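A.B. asks: Below is the structure, and that's it, no one-letter string:
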Ligand SMILES: Cc1cc2nc3c(=O)[nH]c(=O)nc-3n(C[C@H](O)[C@H](O)[C@H](O)COP(=O)(O)OP(=O)(O)OC[C@H]3O[C@@H](n4cnc5c(N)ncnc54)[C@H](O)[C@@H]3O)c2cc1C
């Protein structure tokens, strides 16, 4: 099963298996009070979706078949439709309507690094664009390149744990491994990666590196790019291997060139990561703060002075209120979730509790934390349930220094609300913390209207402008893709844009890798 539901039915245009999370009736009632819900048209089943025929020259197709085998060059319309986009809500809305934007001409499935290199050579020679396809969970248009013919290089067959070094605590994983399988393979050796994004069920190791992903346990385990010690990259110019020691003063750190490169500089074929022993103990708990500002002070203190939990998350008033819908809890305030993982967490839990209480926190106990942990992967399923109920839900995120966080939170909220004057719910939380700042994550729920994608584009542009105006970054973990490119260009400035373009020209002289993505 891939990220796109059941392969041959209306389930293809939703996250995973239908029915994994159900919208409580009380939530539907609440939404109907504040938003004009518009019952959606029926989903166009996958076999009825029209995809133009494959237009690749036979010679190119034959050359690709010669590299990966005929069984691994797929040209069926249904397979191509499933590789035409990622999983943003606009992607889902288009898919539900049977409107596939730009399907790849073919889906090519190489089995290893040398086959990826050979596929790149064929495509460079033929001037056919290449889109590396991991789990297909991009939410920033990272899998739909600029106009022109392209093939999707699906990395699903690169699915091995290559090596484990238990002494150094590192492991080399092939890029197409999905997170749950990577976790299972590492657990056989007594290790964990500790990378748990909300897209965990379907996203891949290569995708995490290519987008600089960040997981729910980043306060303890770090962001994915913190975990990477080395990478192997297939480029049209040949192989690049970066990272050979835990630290190095041998020139600039070239790992950073490929981390976050979103398939524009090469195809990552394996990633060496730092791993940690499987935790013997886990503990999750909830705390209540009177206001978001009070909670922010507590979270900042733990992030800066410790002890730092493994998971640290603070919901604002609106997110706390919506999260409590149907639970019988209606005492307002802001919910903080703290999670701890390790060999023995008791002393850390107690020390952190003293800090949390000293900042005005009221303990809500383990059940609040366990509830969060049980439902940590529900949101993608609820997004489908909201679309079914006639609402439109999408997310956006950013990061800023602590001194700016309250302003960014307010300005983004108001930018979205102003752009959706007929009403919207804007839920926010602090999702990842650092000594110097934090990430803010927003969920927007609004009426779809007659043009849901156009409405969202306007709201997202307003939010992105607000993010830029406050000096925050256009993305903390979703990446740039096609959607954030304009804001990214402004964020890094003209000289840095030229630098990025020059690197791309050197590694990808024919410009075949993900045109229109990331590089302005
Ligand atoms: C519901 C939902 C929740 C999400 N939650 C999180 C979250 O909590 N944290 C987070 O960080 N992100 C999250 N995301 C975003 C997304 O899951 C991440 O960006 C993830 O890292 C993408 O991995 P993937 O394997 O699906 O990559 P894909 O979506 O397949 O690809 C993403 C980009 O990377 C490129 N790429 C993929 N594999 C390679 C490779 N091997 N070499 C070179 N380029 C490659 C692609 O061309 C594309 O541009 C979420 C997405 C969804 C839909």
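C.D. replies: Perfect, thanks for sending it. What you are looking at is a predicted structure, and each value in this text was computed from that prediction instead of being measured.
A.B. asks: Is the strand or helix carrying residue 120 positioned near the ligand?
C.D. replies: In the assignment (DSSP states H and E), residue 120 maps to helix 113-126. No: residues of helix 113-126 are not located near the ligand by Cβ under 6 Å from any ligand atom, the shortest gap being 8.7 Å. Quick note: C-beta positions are derived from backbone N, CA and C, even for glycine.
A.B. asks: List the contacts of that helix.
C.D. replies: The contact list for helix 113-126, computed with Cβ atoms under 8 Å, 6 or more residues apart in numbering, reads 57, 59-60, 63-64, 67-68, 108, 110, 128-130, 151, 153, 155, 158, 232, 234-236, 238-239, 267, 269-270, 508-510, 512.
A.B. asks: Three-state assignment for the closest residue to the ligand within the stretch 401-520 of the chain, please.
C.D. replies: Nearest residue of the stretch 401-520 of the chain to the ligand: residue 477, at 3.6 Å (Cβ to the nearest ligand atom). Using DSSP: H, G, I helix; E, B strand; the rest coil, the secondary structure recorded for residue 477 is coil.
A.B. asks: Kindly report the same for residue 457.
C.D. replies: When the rule is three-state DSSP, residue 457 gets the label helix.
A.B. asks: give me the element residue 417 is part of.
C.D. replies: According to DSSP H and E, residue 417 maps onto helix 405-419.
A.B. asks: To clarify, my last question referred to residue 398.
C.D. replies: Per DSSP H and E: strand 392-401 holds residue 398.
A.B. asks: orientation of that strand relative to helix 405-419 in degrees?
C.D. replies: 150 degrees (axes from the mean of the first three to the mean of the last three Cα atoms, to 10 degrees).
A.B. asks: does the ligand sit close to strand 392-401?
C.D. replies: No: using Cβ under 6 Å from any ligand atom, we find that strand 392-401 stays clear of the ligand, coming within 7.5 Å at best.
A.B. asks: what packs against that strand?
C.D. replies: If contacts are counted by 3 or more Cβ pairs under 8 Å, 6 or more residues apart in numbering; DSSP states H and E, strand 392-401 sits against helix 89-96, helix 379-388, helix 405-419, strand 437-446, helix 452-470.
A.B. asks: For residue 26, which of these is the nearest?
C.D. replies: Among those, the nearest to residue 26 by Cβ to Cβ is helix 379-388 (13.4 Å).
A.B. asks: out of the contacts of helix 113-126, which touch the ligand?
C.D. replies: Contacts with the ligand within those, as defined by Cβ under 6 Å from any ligand atom: 155, 267.
A.B. asks: from the chain's centre, how far out does the helix holding residue 120 sit?
C.D. replies: 27 Å (Cα atoms, centre = their mean, to the nearest Å).
A.B. asks: and if you look at stretch 193-213?
C.D. replies: 7 Å.
A.B. asks: any bit of it sitting next to the ligand?
C.D. replies: Yes: part of stretch 193-213 sits near the ligand under the criterion Cβ under 6 Å from any ligand atom, namely 197, 198, 199, 203, 204, 206, 207, 208, 210, 211, 213.
A.B. asks: list the contacts for the closest residue to residue 455 other than its chain neighbours?
C.D. replies: For residue 455, ignoring the flanking residues on the chain, the nearest one in space by Cβ to Cβ, 6 or more residues apart in numbering is residue 449 at 5.3 Å. Residue 449 makes contacts with 38, 422, 455, as judged by Cβ under 8 Å, 6+ apart.
A.B. asks: Show me how to select, in ChimeraX, the buried members of those.
C.D. replies: Entered in ChimeraX, the line below selects the buried ones among these, by 16 or more other Cβ atoms under 10 Å:
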select :455
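A.B. asks: So residue 146 lies in a helix, does it not?
C.D. replies: No: if the criterion is three-state DSSP, then residue 146 is coil and not within a helix.
A.B. asks: just for the stretch 251-400 of the chain, where's the confidence low?
C.D. replies: 326-330 (pLDDT under 70).
A.B. asks: re the thing from before, centre of the chain to the helix or strand just after the helix holding residue 120, how far?
C.D. replies: Going down the chain from helix 113-126, the next helix or strand is strand 129-133, by DSSP H and E. Centroid separation between strand 129-133 and its chain, computed with Cα atoms, centre = their mean, is 18 Å.
A.B. asks: What residues sit buried inside strand 129-133?
C.D. replies: 129, 130, 131, 132, 133.
A.B. asks: Please check which residues sit opposite the fourth one as beta-bridge partners.
C.D. replies: Right, residue 132. Beta-bridge pairing for residue 132 (DSSP bridges): residue 153.
A.B. asks: where does it sit relative to residue 165, distance-wise?
C.D. replies: Distance from residue 132 to residue 165, counting by Cβ to Cβ, to the nearest Å: 27 Å.
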